[in-house]
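Visitor: Provided below are the primary sequence and the corresponding predicted coordinates.
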Amino acid sequence: KQEVTQIPAALSVPEGENLVLNCSFTDSAIYNLQWFRQDPGKGLTSLLLIQSSQREQTSGRLNASLDKSSGRSTLYIAASQPGDSATYLCAVRNGSGNTGKLIFGQGTTLQVKP
Amino acid sequence: DAGITQSPRHKVTETGTPVTLRCHQTENHRYMYWYRQDPGHGLRLIHYSYGVKDTDKGEVSDGYSVSRSKTEDFLLTLESATSSQTSVYFCAIRDRGEEQFFGPGTRLTVL
């Protein structure tokens, strides 16, 4: 059974720091991996989608990497800003079946202090 | 936001009453999903649909049913609401690039 883990559960950094959020999964046979952002009381905003054949994806100050063989993904945030404060969720879609079901980690809650 | 709306956004109901949540999309996506989000459990799939009248169960489907009579609408029904179904419910779609987008959520409280 696929399990997704995000460490740390919470992170507090000063503004301007570069930071890395970690996501690990137990079954490397994934179809893709998606990173989301969730603000308190809000829905999920898709940040990046990495297909299983890709090693990384970039969007603005965000860079996500994928190492399937080791069951890991990282989300790199450059030059963090207070507006980046939110919970970041990692989700994997398994390679078998066409459900498209996403399996989520518990998230990392990020606070960027001015 | 991929044109996804959910209604109602908030609902308080009593144990034993039926409740229907609606998800509406405007971009003709084939795949639609219902998830629930709970502290300590994260997001879990309830049901999904792969076309009009084509639906299937997710991992936490007990006590829930769904219907999809039109491409744009996916309904989630709690036949007889229980306190354990107090949660935040999210609808999602999968686009042709395999990316999933989520609606704003419905906060349901069952007293």
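Guide: Yes, it's here.

Visitor: skipping adjacent residues, who's closest to residue 8 in space?
Guide: Let's take chain A. Spatial nearest neighbour of A:Pro8, chain neighbours left out: A:Thr108 (6.1 Å); criterion: C-beta to C-beta, 6 or more residues apart in numbering or on different chains. No exception for glycine: its C-beta is placed from N, CA and C like everyone else's.

Visitor: should've been chain B
Guide: Using C-beta to C-beta, 6+ apart, the closest residue to B:Pro8 is B:Thr106 (6.2 Å).

Visitor: quick one: residues in contact with the helix or strand containing A:Arg37.
Guide: Element membership for A:Arg37 (DSSP states H and E) is strand A:30-38. Strand A:30-38 has contacts (C-beta atoms under 8 Å, 6 or more residues apart in numbering or on different chains) with A:2, A:23, A:25, A:44-52, A:62, A:64, A:66, A:68, A:73, A:75, A:86-95, A:102, A:107, B:98-100, B:102.

Visitor: adjacent strands (with direction) for that strand?
Guide: strand A:44-51 (antiparallel), strand A:86-94 (antiparallel) (DSSP bridges).

Visitor: pull out the buried positions in the shortest one.
Guide: In terms of neighbour count (16 or more other C-beta atoms under 10 Å in any protein chain shown), strand A:44-51 has its buried residues at A:Leu44, A:Ser46, A:Leu47, A:Leu48, A:Leu49, A:Ile50.

Visitor: wait, the third one sits on A:Thr58?
Guide: No - here A:Leu47 lies out of contact with A:Thr58, judged by C-beta atoms under 8 Å, at a distance of 10.8 Å.

Visitor: now do the shared contacts for those two.
Guide: With C-beta under 8 Å, 6+ apart, A:Leu47 and A:Thr58 have common neighbours A:Ala64.

Visitor: who does the residue nearest to B:Pro8 form a beta bridge with?
Guide: Where B:Thr106 sits in a bridge, its partners, by DSSP bridges, are B:Tyr89.

Visitor: and it, how far from A:Asn98?
Guide: Distance of B:Thr106 to A:Asn98, given as C-beta to C-beta, to the nearest Å: 27 Å.

Visitor: quick one, which of those two is more surrounded?
Guide: B:Thr106 (23 against 8; other C-beta atoms under 10 Å in any protein chain shown).

Visitor: isn't that one right up against B:Ile4?
Guide: No - when contacts are counted by C-beta under 8 Å, B:Thr106 is not listed as touching B:Ile4 (11.8 Å).

Visitor: skipping adjacent residues, who's closest to B:Thr5 in space?
Guide: B:Thr5 sits nearest to B:His24 (C-beta to C-beta, 6+ apart), 4.9 Å away.

Visitor: get me the contact residues on chain B for chain A.
Guide: B:31, B:33, B:35, B:40, B:42-45, B:48, B:50, B:56, B:58-59, B:90, B:92, B:94, B:97-105 (C-beta under 8 Å from any C-beta of the partner chain).

Visitor: hmm, 10 Å instead?
Guide: B:1-2, B:4, B:6, B:30-33, B:35, B:37, B:39-45, B:48, B:50, B:56-59, B:88, B:90-95, B:97-105, B:107 (C-beta under 10 Å from any C-beta of the partner chain).
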